[in-house]
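Participant: After the sequence you'll find the predicted model.
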Amino acid sequence: MFKQYIAVKDALVYNDSFGAKRNMLQLIDDLKSETKDFEILNKDDRWVFFINNYDKIRNKANSTTFISDQRFLFNEITIGLMKFIKQFGLNNKSIYIMNCLTDSSIGNAVWLSNKNDTKNPYLGLMNDTLCAKVKEVWKFP
């Protein structure tokens, strides 16, 4: 699931709208299928919201063709995935929470990475790697 998120991020970095859309749809599908057996999720309001709105979220991802809209949706997915990872972790991984606040930032300008990666999915090829900083590192055993 996290590999799919990274694929979306990388597609956005390189302004690859087709790749971003394809990987975003796969990520949304993976979120639903890989977590269906977590009974504890049924008690989490955020998760119940996601499941109840799965079709709407997937249709929104499928209908976005402009890279700016995909970046906005990526921001929403990032926020949700951060909450999920913080609550349930990822086995044997370190997650870097990256941040870049500029005038051209979209949303909260936060993204997740599996390394100290300054390639900003919100700016794409206009990438300002100087502003990208590690905000936090989450280490999971």
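Facilitator: Yes, it's here. Residues are numbered from 1 along each chain as shown.
Participant: Does anything pack onto the lowest-mean-pLDDT helix or strand in the chain? Which helices or strands?
Facilitator: One helix or strand of the chain scores below all others by mean pLDDT, DSSP states H and E: helix 45-52, with a mean of 72. Identification of packing neighbours for helix 45-52 by 3 or more C-beta pairs under 8 Å, 6 or more residues apart in numbering; DSSP states H and E yields helix 17-34, helix 67-88. In this view, the C-beta of every residue, glycine as well, is placed from N, C-alpha and C.
Participant: Just want the angle from that helix to helix 67-88.
Facilitator: With axes from the mean of the first three to the mean of the last three C-alpha atoms, to 10 degrees as the basis, helix 45-52 and helix 67-88 are set at 130 degrees to each other.
Participant: hey, C-alpha coordinates of helix 45-52 in CSV?
Facilitator: Output in CSV follows, covering the C-alpha atoms of helix 45-52 (Å, rounded to 0.1, in the frame of the first residue of the first chain):
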residue,chain,number,x,y,z
ASP,A,45,-15.1,7.2,12.4
ARG,A,46,-12.6,8.3,9.8
TRP,A,47,-12.3,4.8,8.4
VAL,A,48,-16.1,4.3,8.4
PHE,A,49,-16.4,7.6,6.5
PHE,A,50,-13.8,6.3,3.9
ILE,A,51,-15.6,3.0,3.4
ASN,A,52,-19.0,4.6,3.2
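Participant: Which one of the helices and strands packed on helix 45-52 has the poorest average confidence?
Facilitator: Across those, helix 67-88 has the smallest mean pLDDT, namely a mean of 86.
Participant: Could I get the average pLDDT for the helix or strand following that helix?
Facilitator: Toward the C-terminus, helix 67-88 is succeeded by strand 93-99 as the next helix or strand (DSSP states H and E). Summarised as a single mean, pLDDT over strand 93-99 is 92.
Participant: what's the helix or strand just after strand 93-99 packed up against?
Facilitator: Using DSSP H and E, the next helix or strand after strand 93-99 towards the C-terminus is strand 110-113. The helices and strands touching strand 110-113, judged by 3+ C-beta pairs under 8 Å, 6+ apart, are helix 2-13, helix 67-88, strand 93-99.
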